[in-house]
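In: The sequence and its predicted three-dimensional model are supplied below.
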Amino acid sequence: PTAPDEPSFQQRIDAGIKIEPRDWMPEGYRKTLVRQISQHAHSEIVGQLPEGNWITRAPTLRRKSILLAKVQDEAGHGLYLYSAAETLGAAREDLLTDLHSGRAKYSSIFNYPTLSWADIGAIGWLVDGSAIINQIPLCRCSYGPYARAMVRVCKEEAFHQRQGFDIMLTLCRGTPEQRSMAQDALDRWWWPSVMMHGPRDEDSVNSAQSMQWKIKLHSNDELRQKFIDQTVPQAEFLGLTIPDPGLKWNAERQHYDYGEPNWQEFWNVIKGGGPCNRERLRARVKAYEDGAWVRAAALAHAEKRAKRQP
Ligand code: 3HC
């Protein structure tokens, strides 16, 4: 590894040279990457739960198979990202213990219930739409394994967002009841999706350092604004109304002005007080415990194979 000193490390970052697992890196760089990558992985794994609720209730076989493929993709994204975290010396067991104990975070957005089939459309359209906006820049972040994992993840996210929008379009072109289902889902998922991009920049404790280390290439508010600017015309095309009376095109800024999110709700959800937090962690702990025999069998098999190796 290069000489352990920050200036040459920062010069590498500024020169756009990828940092690889065996390179020297400041402990803070390693720590914030483990924090962000593991919480990203947790989000992918927990993110399967809201949608999983509708796999057995999908309206057609085609929608069911698409949703199955999407949920399976999310599982893969999570495992990919846990592997990226392990390249930094993090032990997967520890990361999972932190999730199950409530110590680690995962995206606030997954603590809301999926009350109708239209929610599956809104999640693909809004949540995966937000995820793409957040993850495309991560393909260019300074840590090699994370950046490379994101390239594959973003390709699959594009399909996730398109299938969600297709569900919304089908409902909006359907009966009045279907149109009102789509509007109800937008009403419930709009603000949690706006807040998913994180706190205001001035309240973002990690942004300054993460931007200096090119882990974060755009600020929370920049990506939030990009999400809103991209999504408003799509809602208009669907014939849906975004539940924000403060939403207005600002010709001077060339962006939409928007109302103030409910930050008290945001922090409450992050602290575990959201509608589904307890249910989500209970489901993850149960899945982990029910899967203990699979892990034990895989380890026993690996040990037997290792003994057989000449
Ligand atoms: N939910 C939960 N916690 C959040 C959050 C959210 N939506 N937004 C911010 N936070 C937390 C941060 O983790 C941080 O707490 P910590 O220091 O204990 O980790 C605190 O709030 C302050 O926020 P910061 O802005 O200072 O934190 P970051 O610099 O880490 O920025 C982030 C937050 C933009 C989410 C950044 O971590 C990031 O880009 N992460 C990678 C992408 C990601 O995790 N996306 C989550 C969704 S994954 C997904 O949608 C998959 C798709 O397939 C559905």
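Out: Done, it's in. Numbering: from 1, shown residues only.

In: near the ligand, which residues of this structure show up?
Out: Contact residues (C-beta under 6 Å from any ligand atom) of the chain with the ligand: 35-36, 39-40, 43-44, 47, 74, 77, 105, 107-108, 127-128, 131, 134, 157, 196, 198-199, 204-207, 210, 216, 220, 270. All C-beta atoms are positioned from the backbone trio N, CA, C, and that covers glycine.

In: buried subset of the residues you listed?
Out: 35-36, 39-40, 43-44, 47, 74, 77, 105, 107-108, 127-128, 131, 134, 157, 196, 198-199, 204, 207, 210, 216, 220, 270 (16 or more other C-beta atoms under 10 Å).

In: now A158, what's its secondary structure?
Out: Look at A158: counting by DSSP: H, G, I helix; E, B strand; the rest coil, its state is helix.

In: how close does it sit to I136?
Out: 10 Å (C-beta to C-beta, to the nearest Å).

In: Over to G121?
Out: The spacing between G121 and I136, counted by C-beta to C-beta, is 22 Å.

In: which one of these two has more residues nearby?
Out: Neighbour count, other C-beta atoms under 10 Å: between G121 and I136, G121 has more, with 27 against 18.

In: So which of the buried ones among the residues of the chain next to the ligand sit within helices?
Out: Per DSSP state H, helices hold the following members of those: 35-36, 39-40, 43-44, 47, 74, 77, 128, 131, 134, 157, 207, 210, 220.

In: V269: neighbour count?
Out: Neighbour tally, V269, other C-beta under 10 Å: 22.

In: Where do the helices of the stretch 1-150 of the chain begin and end?
Out: Assigned by DSSP state H, counting those that start in this stretch, the stretch 1-150 of the chain shows helices spanning 6-14, 27-52, 61-86, 92-100, 117-122, 128-138, 144-172.

In: Need the winner for burial among those.
Out: Most buried of those, by mean neighbour count (mean count of other C-beta atoms under 10 Å): helix 117-122, with a mean of 26.

In: now that helix: mean pLDDT?
Out: For helix 117-122, the mean pLDDT works out to 98.

In: Show me what that helix is packed against.
Out: With contacts defined as 3 or more C-beta pairs under 8 Å, 6 or more residues apart in numbering; DSSP states H and E, the packing partners of helix 117-122 are helix 144-172, helix 176-195.

In: Using CSV, list the CA coordinates for the last one.
Out: This file holds the C-alpha atoms of helix 176-195, laid out as CSV (Å, rounded to 0.1, in the frame of the first residue of the first chain):
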residue,chain,number,x,y,z
PRO,A,176,-62.2,5.5,-11.9
GLU,A,177,-61.5,3.1,-9.0
GLN,A,178,-58.1,2.2,-10.4
ARG,A,179,-57.3,5.8,-11.0
SER,A,180,-58.2,6.7,-7.4
MET,A,181,-56.0,3.8,-6.2
ALA,A,182,-53.0,5.3,-8.1
GLN,A,183,-53.7,8.7,-6.7
ASP,A,184,-54.0,7.3,-3.1
ALA,A,185,-50.7,5.5,-3.5
LEU,A,186,-49.0,8.7,-4.8
ASP,A,187,-50.5,10.6,-1.8
ARG,A,188,-48.9,8.2,0.6
TRP,A,189,-45.6,7.6,-1.1
TRP,A,190,-44.7,11.1,-2.4
TRP,A,191,-43.3,12.7,0.8
PRO,A,192,-41.5,9.6,2.1
SER,A,193,-39.8,9.4,-1.3
VAL,A,194,-38.8,13.1,-1.1
MET,A,195,-37.4,12.5,2.4
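
In: now that helix: how far from the chain's centre is it?
Out: Centre-to-centre, helix 176-195 and its host chain are 19 Å apart (C-alpha atoms, centre = their mean, to the nearest Å).
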